[in-house]
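>>> here's a sequence, model it:
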Amino acid sequence: MATARRSQPLVAAPRPDSRPAIAITGIDFSYGHVQVLFDVDLHVQPGEVLALLGTNGAGKSTLLRVLSGLEAPSAGTVRHRDEDITRASAVDRVKRGIVQLPGGKAMFPSLTVMDNLLAGAFTHIWDKAGLEERLGSALERFPVLRDRLDQPAGTLSGGEQQMLALAKSLLLDPDVLCIDELSLGLAPVVVQQLMETVEDLRAGGLTMIIVEQSLNVALSLADRAVFMEKGAVRFEGPAQELAERDDLARAVFLGTDGG
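Predicted coordinates for the structure are as follows:
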């Protein structure tokens with residue numbers, strides 16, 4: 001139904017500068033005495049979609065946690081829009097627009113869908129008009145959630161839960177959205193729906209880093225790919241080039257070693 005006033009988009013157009021949106025340089029990280037990241041460099045340009053690939057244990061999710069401020073590196077720097085945020089808290093990074101959608105069930109199962117959305121929009125909770133705008137936009141993007149606002153999130157299907165988790169992430173106005181395992185455990189038809197949403201975000205200029213086990217999903221969404229193995233970057237280049245490298249493709253699918 002047409003309305004007199006359209007909701008504002010959840011993501012802004014790319015900024016007209018050439019500074020990396022994210023610059024990770026020389027990152028080392030250890031869990032106790034076990035080092036899992038080794039001198040990792042990663043740069044993401046504004047509006048770029050980067051696929052971060054590798055086998056289980058390669059260090060992909062750990063690198064996202066370092067970027068999001070959930071883990072502190074033992075060496076190296078993290079910069080956002082040319083500002084050093086290496087020691088910034090996870091909350092401060094969210095306020096800057098670095099938002100992570102974690103793998104698995106990234107929602108509160110006992111809360112209703114609406115309460116989950118309100119929790120996701122916590123940085124705007126005092127801006128009633130702006131909050132209503134953002135909620136309206138989220139429900140336009142995921143209309144299936146509109147009919148389930150009073151339903152406990154834990155009773156949603158797996159695909160609906162992932163839609164809710166993605167909607168929550170977008171309510172935080174991401175400048176850089178990190179998605180960890182978008183397709184994990186979901187039916188192909190649901191994955192296709194989510195991929196269409198991510199494609200729409202990409203067309204809107206949102207910078208994204210996507211960790212994904214499915215090579216087909218990752219390379220269909222990404223401009224550029226980084227392949228990690230044993231906590232280090234082994235390949236970096238255009239997504240299409242990785243798709244044409246049978247040796248690396250086999251490593252993504254069949255490798256078992258990790259750091």
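
>>> where does pLDDT dip in this protein?
Under the criterion pLDDT under 70, the flagged ranges of the chain are 1-18, 104-105, 248-259.

>>> what sits against residue 168?
Counting by C-beta atoms under 8 Å, 6 or more residues apart in numbering, residue 168 touches 106, 107, 116, 117, 119, 120, 121. Yep, even glycine has a C-beta here, placed from its N, CA and C like the rest.

>>> which one of those is nearest to residue 211?
residue 106 (13.3 Å; C-beta to C-beta).

>>> which residue packs closest to the closest one, ignoring adjacent ones?
Spatial nearest neighbour of residue 106, chain neighbours left out: residue 165 (3.8 Å); criterion: C-beta to C-beta, 6 or more residues apart in numbering.

>>> and that neighbour, what element?
helix 158-170 (DSSP states H and E).

>>> pull the CA atoms of that helix into PDB?
Output of helix 158-170 as PDB, limited to C-alpha atoms (Å, rounded to 0.1, in the frame of the first residue of the first chain):
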ATOM      1  CA  GLY A 158      15.800 -21.200  11.400                       C
ATOM      2  CA  GLY A 159      15.500 -18.900   8.300                       C
ATOM      3  CA  GLU A 160      13.200 -16.500  10.200                       C
ATOM      4  CA  GLN A 161      15.600 -16.400  13.100                       C
ATOM      5  CA  GLN A 162      18.500 -15.500  10.700                       C
ATOM      6  CA  MET A 163      16.300 -12.800   9.200                       C
ATOM      7  CA  LEU A 164      15.600 -11.400  12.600                       C
ATOM      8  CA  ALA A 165      19.300 -11.400  13.500                       C
ATOM      9  CA  LEU A 166      20.100  -9.600  10.200                       C
ATOM     10  CA  ALA A 167      17.300  -7.100  10.900                       C
ATOM     11  CA  LYS A 168      18.700  -6.400  14.300                       C
ATOM     12  CA  SER A 169      22.200  -5.800  12.900                       C
ATOM     13  CA  LEU A 170      20.800  -3.300  10.300                       C
END
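
>>> number of residues surrounding residue 172?
21 (other C-beta atoms under 10 Å).

>>> follow-up on the earlier one: can you point out the buried residues in the helix holding residue 165?
159, 160, 161, 162, 163, 164, 165, 166, 167, 168, 169, 170 (16 or more other C-beta atoms under 10 Å).
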